[in-house]
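J.: take this sequence and fold it.
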Amino acid sequence: MRWRAVMQGAFIAAASVIYAAASYICARSARPTLLGAGLAYAPLLLGGAWMARKSLRRIRALAFVVLAALVLWFARDGLLQHYRWGYLVQSAGPMTLLALLFGGSLRRGHVALITQLALLAHDGHISVRTSRYTHGLTWAWTVFFAVMALVSTALFLMAAPAVWSLFANVLVAPLVAAMFVGEYAVRVLALPAHERTGPLQAVAAFMRYRRHGSAPTVPLQPAIGPQTR
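T.: Residues are numbered from 1 along each chain as shown. Model (predicted):
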């Protein structure tokens, strides 16, 4: 079972690298190609179908995806000439949605998203120090995602296609990884070991969070309280 998971992870990683390399080449090309258009639009439709399948209004959402596919098909001649916009949606779109997701949880009366994950990871009890840290961390990720979306859009509109493609298809993933690594280093310095959430705990908490659907406005577990040793 462990080897199967390792192989699945390796396959996903390899496919991601191949896709990023192909997208980089196609997005910087001066001549539009069917391959470039397919790589630009197909993931958007597949992602839309996946989200529609998870939606509470599944039939309506799937119908919208089918309608979008038909629009793309009938407008294919024009879209082929401007398929880089599909790559922009792939690049800036998820970053914008993540910024809205994280930022939306910072509204008054809501619990910061990463605070919710910490509560799930620690059975509903975290210290005031951890609460403050996770609230600030939610702000940090909100700003990071917003900046990434803005930079991608600005480069798309003002820089050469090769420069934008390098950022969107090559640099985004390492920058996200660097953010994770840098944040964990700060977490080690800011929180004692018994208050920190490790990578496996974070993944488990996120999976539990996903099962609850959209972000709740109150903690799913008992109220935040101090935790001492």
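J.: could you say what helices and strands the longest helix along the chain packs with?
T.: If you go by DSSP state H, the chain has its longest helix at helix 128-158. With contacts taken as 3 or more CB pairs under 8 Å, 6 or more residues apart in numbering; DSSP states H and E, helix 128-158 sits against helix 84-104, helix 113-121, helix 161-166, helix 172-190. C-betas here are computed from N, CA, C, even on glycine.
J.: for the shortest one, packing partners?
T.: Counting by 3+ CB pairs under 8 Å, 6+ apart, the packing neighbours recorded for helix 161-166 are helix 2-28, helix 128-158.
J.: pick out the shakiest of the ones you listed, pLDDT-wise.
T.: Lowest mean pLDDT of the helices and strands packed on helix 161-166: helix 2-28, a mean of 67.
J.: who's in contact with residue 113?
T.: Neighbouring residues of residue 113 by CB atoms under 8 Å, 6 or more residues apart in numbering: 101-102, 105, 138, 215.
J.: turn these into JSON lines, including neighbour count and distance to residue 119.
T.: Formatted as JSON lines, the contacts of residue 113 follow (neighbours: other CB atoms under 10 Å; distance: CB to CB, whole Å):
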{"residue": "101", "neighbour count": "16", "distance to residue 119": "17"}
{"residue": "102", "neighbour count": "23", "distance to residue 119": "16"}
{"residue": "105", "neighbour count": "20", "distance to residue 119": "12"}
{"residue": "138", "neighbour count": "22", "distance to residue 119": "13"}
{"residue": "215", "neighbour count": "15", "distance to residue 119": "12"}
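J.: tell me how many other residues crowd residue 17.
T.: Neighbour count of residue 17, defined by other CB atoms under 10 Å: 11.
J.: quick one: it from residue 174, how far?
T.: Distance, residue 17 to residue 174, by CB to CB, to the nearest Å: 12 Å.
J.: try residue 120
T.: 28 Å.
J.: could you check which of these two has the larger neighbour count?
T.: Neighbours were counted for residue 120 and for residue 174 using other CB under 10 Å; residue 120 has more, 22 against 9.
J.: what about that one, distance to residue 197?
T.: Using CB to CB, one obtains 9 Å as the distance from residue 120 to residue 197.
J.: need the contact list for residue 140.
T.: Taking CB under 8 Å, 6+ apart, we find residue 140 in contact with residue 183.
J.: no, scratch that, I was asking about residue 158
T.: Here residue 158 is in contact with no residue (CB under 8 Å, 6+ apart).
J.: so which of the helices and strands packed on helix 128-158 comes closest to residue 129?
T.: With respect to residue 129, and counting by CB to CB, the nearest of those is helix 172-190 at 8.1 Å.
J.: how about that closest one: buried residues?
T.: Judged by neighbour count (16 or more other CB atoms under 10 Å), helix 172-190 contains these buried residues: 172, 176, 183, 187, 190.
J.: that one - what's its average pLDDT?
T.: 90.
J.: any chance you could list what contacts stretch 176-184?
T.: So stretch 176-184 is contacted by 137, 140-141, 144, 199 (CB under 8 Å, 6+ apart).
J.: swap the cut-off to 7 Å and go again
T.: Contact with stretch 176-184 is made by 137, 144, as judged by CB atoms under 7 Å, 6 or more residues apart in numbering.
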